[in-house]
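With the sequence up front, the predicted model follows.
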Amino acid sequence: MIDLSQLNDMQQRAVEQTEGPVLILAGAGSGKTRALTTRVAYLLEKDVDPFHIIAITFTNKAAREMRNRINSLNPLGDQVWVSTFHSACVRILRREIHHIGFENNFTIYDAEDAEKIIKDCVKELSLNEKYYPTKKVMGIISSQKDNLVSAAQFSQDVKGDSHMEGTACIYRLYQKRLTDANALDFDDLITKTVELFDRCPDLLNRYQERFRYIMVDEYQDTNTAQYFLVRRLAEKYQNLCVVGDDDQSIYGWRGANIRNILDFENDFPHAQVIRLEQNYRSTQTILNAANAVIAHNASRKGKTLWTDNGDGPPIQYFKAYDEQGEAAFIAQTILDRVKSGGTYAEFAALYRINAQSRAIEDQFMHHNIPYRLFGGVRFYQRKEIKDVLAYLKALNNPRDDLSYLRIINTPKRGIGDATIKRIQAHAHEQGISFSEALRDLPSDARNKRLHTFWEMMEGFRGFMPVCSLTELTRKVLNDTLYLKELLLDETPESLDRVENIDALLSKIAEFDAEAELESAEGFVSAGSELDAFLGEVSLVADIDNYQEREDAVVLMTLHSAKGLEFPRVFLPGMVQGVFPSFRSMNAPEPEGMEEERRLCYVGLTRAKESLTISMSKSRLRNGEAESCVPSCFIEEIPAEYLRDARPGRKRQLSLRGKTNVPERRAMPAPKQTELDFAVGDWVRQIKYGRGLVIAIEPAGVDFEVTVSFEKSGLKKIMAALSKVKKEPKSEPAF
DNA sequence: CTAGGATCATCAATT
DNA sequence: ATGATCCTAG
């Protein structure tokens, strides 16, 4: 029997209101996951078949957590679908997509893959890449898909605007390329599922019957396509429970439509609205600050978080001279705390952009502070991993031209651009795929290498039904000589790559083991496993790999931190231009700034006990020092909750006056202790070219040098960071 | 024709 | 720092 007495009144209502549409407005830290998991357990207890319940979360990590918690309440929870929108759609499409003209072994293209195809399309249409930059075009196409606007519809919509008509042509061709390759991009995973239900009413009916109870977490971050999908599925039984917080909507740039949550009561007129405003996470001081900041936003439903956790300490505010100083302060604070019995894992530094991690990482390394970095180049984005996966993708879906193009000369086997163009032309003429074109080649001498490649791939394919995925991957790595090439090249990068491939192999082995456990025969062939494996790895997010058990400081972006909490939080880089970003500051509409403010709200509310915000008066932008002013969000926090932080004792000794400027060179000497040039020397820098050194000034671990460049004039840049090198010949070559 | 080196642009957040 | 593109040698 489930014990509801542990829940507050509002949480209890959320659990017990199982029928009809429900909107739960759940503030940060208000125990919504607890309410949701209890709600599922409650449904199960009321004899609702687990088969009829689906819960949709934002990340795989959240899904895993929710599943675990449900399972611990009721073992039947195992059979409830708990997954992200994307995984749920993949699961449905793997079964059903043949109804709308795709094959069920479709490939999923990530953003990088999609961009390559767009680029090709622009070229093929003889459009100027200057006017159609890949990223922009990709963004437009993606947002059309998010809004369920098809290529044909888009062409209609933009009639008369010749530039947009060009974009529409790219969209149409891009979509054709995907269809030909039997591939879907991330957006398609949603839109094709919607299309499937539109075109096959009986199928829709089947899934409506199946999912009689639907729950959607982080509803404020759903886009229009996801909204339609949910609406469709819930149409019949109306048992839709959405949970969200309009103040935490931070994915507008990705197509999330904040109206979905703001308009829920209009879309479902009989919806029950439940507010969770009691916060169990943070101190009252932190909540007061967060409430004050978010109150500056105009478009919100409005709510005020409160807690009975007590006031707690004030929010620390540290002003540093530069990013190194800011990072040094963070490092010192952590060391002090750990010395007096704390752990590293209590801490997280959450920043606006990934580039901000650099300074912090540097300091952490110097101080031997263990940390775990999220973001940057993700595991499944690395070149070597994508190479190996491209082999598997090509084997799984022979129509996947992009993967074939990636591997045909990787590792180098003497097949160059010209040859590839020849095959592509042939494929084009015949209207066949790249691999079919390879098969059709006449077997004369000049095609020898191509034949060898084709036969090797066929060999792998023959092996697939009788080997495990691990064995297949090993065979690919060996027979292609991919591993051998890496091992021969003994650079640190190659070593890294080998390690990553090892890690991939262990993941595959894990996957094998799980599949074997689930199957009756105890053996699962690579052929039958590939679909599931490739689908899964295409959808892993960085945050999905976060292990709380590890004793390390967490470094991640504010976006990744959504849904997480930490006892002690740092928010570094609170300066105008970084947070909020210049882009949203300069935009004419207020939406961008409001979203930045919500992001700030998310950041503040991650902290349980202590919160430290900081800024630096100077920071590097592309190697140039730039002076900074405090973020406007700092001024929005009432001064009574803030306290200027004192730097660590060590540095305090050297402080002049009462400023918080830390000693510039607080840390043990790094590699760059001196420069190999002096004032008056000629130097070279990769971006600016040749220049004459005017002045040199120590700055943290580096030197700030003033150089008069031949082309671009006077610049102040950091010597080591921007790789300023001495120019061997001191006379300009006139 | 291909491989490898030099040079140039880019860089917000992510399923 | 990374990828794309251009150039040159073999």
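Nice, thanks for sending it over. Bear in mind the structure is a predicted one, so any value in this text is a computation, not a measurement. Numbers count the residues shown, from 1 in each chain, chains lettered A, B, ... in the order given.

so A:Ile334 touches A:Ala348, yeah?
No: using CB atoms under 8 Å, A:Ile334 makes no contact with A:Ala348, being 10.6 Å away. C-beta here means a position set from N, CA and C on the backbone, and glycine is covered the same way.

so what sits against both of the two?
A:Val553 (CB atoms under 8 Å, 6 or more residues apart in numbering).

And the helices in the stretch 1-150 of chain A?
For the stretch 1-150 of chain A, applying DSSP state H, counting those that start in this stretch gives helices covering A:9-16, A:32-45, A:60-73, A:85-96, A:111-124, A:134-146.

From the contact counts, what lies against the fourth one?
For helix A:85-96, the packing partners by 3 or more CB pairs under 8 Å, 6 or more residues apart in numbering; DSSP states H and E come out as strand A:53-57, strand A:81-84, helix A:186-199, helix A:224-234, helix A:526-538.

The second one now?
Judged by 3+ CB pairs under 8 Å, 6+ apart, the packing partners of helix A:32-45 are helix A:9-16, strand A:22-26, strand A:53-57, helix A:60-73, strand A:213-216, strand A:240-244.

Can you report the mean pLDDT over the residues of the last one?
For strand A:240-244, mean pLDDT rounds to 95.

Quickly note the distance from A:Gln363 to A:Thr333.
Going from A:Gln363 to A:Thr333 by CB to CB, to the nearest Å gives 11 Å.

Give me the more crowded residue out of those two.
Counted by other CB atoms under 10 Å, A:Gln363 and A:Thr333 do not tie: A:Gln363 has more neighbours, with 26 against 21.

ok, and for the helix or strand harbouring the more buried one, which residues are buried?
Per DSSP states H and E, A:Gln363 falls inside helix A:357-366. Residues of helix A:357-366 classed as buried: A:Ser357, A:Ala359, A:Ile360, A:Glu361, A:Asp362, A:Gln363, A:Phe364, A:His366 (neighbour count, 16 or more other CB atoms under 10 Å).

if I look at the first one, how far off is DNA strand C?
Summarising the geometry, the distance separating A:Ser357 from DNA strand C, computed by CB to the nearest atom of the strand, to the nearest Å, is 13 Å.

Which parts of the stretch 601-734 of chain A are helices?
According to DSSP H, counting those that start in this stretch, the helices that the stretch 601-734 of chain A contains are A:632-635, A:649-652.

Out of the ones you listed, point me to the one whose mean pLDDT is lowest.
Lowest mean pLDDT within the helices of the stretch 601-734 of chain A: helix A:649-652, a mean of 46.

isn't A:Asp217 right up against A:Thr59?
No: contact criterion CB under 8 Å: A:Asp217 and A:Thr59 do not qualify, at 9.7 Å.

give me every residue that touches A:Glu218.
Taking CB under 8 Å, 6+ apart, one finds A:Thr57, A:Phe58, A:Ala62, A:Val243, A:Gly244, A:Gln248, A:Lys562, A:Gly563 in contact with A:Glu218.

Dihedrals phi and psi, the second one?
A:Phe58 adopts backbone torsions of phi -90, psi -40, taken as degrees, to the nearest 10.

in terms of contact, does it touch A:Gly563 like I think?
Yes: with contact defined as CB under 8 Å, A:Phe58 reaches A:Gly563; the gap is 7.0 Å.

if we can go back for a sec, lowest average pLDDT across the helices and strands packed on helix A:32-45?
Of all these, helix A:60-73 has the smallest average pLDDT, which comes to a mean of 90.

elements contacting that helix?
helix A:32-45, strand A:53-57, strand A:81-84.

So which of these is the most surrounded?
Greatest average neighbour count among the helices and strands packed on helix A:60-73 goes to strand A:53-57 (a mean of 25), per mean count of other CB atoms under 10 Å.

Just give me the neighbour total for the residue of chain A at minimum distance from DNA strand C.
For chain A, the residue closest to DNA strand C is A:Lys383, as judged by CB to the nearest atom of the strand, at 4.8 Å. Using other CB under 10 Å as the criterion, A:Lys383 is surrounded by 13 other residues.

Next one: it from A:Ala427, what distance?
Per CB to CB, A:Lys383 is found 25 Å from A:Ala427.

Same question for A:Glu115.
According to CB to CB, A:Glu115 stands 21 Å off from A:Ala427.

got it, and A:Glu165?
To A:Ala427, A:Glu165 is 28 Å away according to CB to CB.

Name the residue in the two with the higher neighbour count.
With neighbours defined as other CB under 10 Å, A:Glu165 and A:Ala427 compare such that A:Ala427 has more, 20 against 14.
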